[in-house]
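Asker: Sequence first, predicted model second:
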Amino acid sequence: MLACASCGAPLSQFKALRVEEARPAAVTHQRPQRGRATIPVKAAKRHQSYAKPRKRKPWYRDLLEEAFDFVEDIFD
């Protein structure tokens with residue numbers, strides 16, 4: 001025979017309690033929410049903006065400027 005854990009009364013003499021029927025989940029006619037797509041690491045690195053390195057002047061450009069200044073000084 002079963003007994004109540006708190007008071008010790010026999011359970012066969014309790015009135016049966018009504019059990020609520022489980023309702024099915026409501027049908028939604030909306031699309032399920034999806035999370036954002038993650039960008040692969042390689043693609044993320046490709047899209048990063050970065051500063052271009054400055055090109056150095058070629059050495060002969062400095063040489064030509066010096067030669068031009070020298071010739072210009074001669075004619076002045």
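Answerer: Everything's here; your move.
Asker: show me where the chain has helices.
Answerer: For the chain, the helices defined by DSSP state H cover 41-47, 59-75.
Asker: Which one of those lies nearest to Gly35?
Answerer: helix 41-47 (16.7 Å; C-beta to C-beta). Any C-beta I mention is one placed from the backbone N, CA and C, and that applies to glycine too.
Asker: model confidence over the closest one, on average?
Answerer: Throughout helix 41-47, pLDDT has a mean value of 63.
Asker: What number of residues are in the vicinity of Ser6?
Answerer: By other C-beta atoms under 10 Å, 6 other residues sit near Ser6.
Asker: How about Lys57?
Answerer: Lys57: 9 neighbours (other C-beta under 10 Å).
Asker: Check Ala51 too.
Answerer: With other C-beta under 10 Å as criterion, Ala51 counts 5.
Asker: before we move on, what about Leu64?
Answerer: Look at Leu64: counted by other C-beta under 10 Å, it has 11 neighbours.
Asker: What of the one 10 residues further on?
Answerer: The burial count assigned to Ile74 is 7, neighbours taken as other C-beta under 10 Å.
Asker: what do you get for Cys7?
Answerer: By other C-beta under 10 Å, 6 other residues sit near Cys7.
Asker: This completes my enquiry, with thanks.
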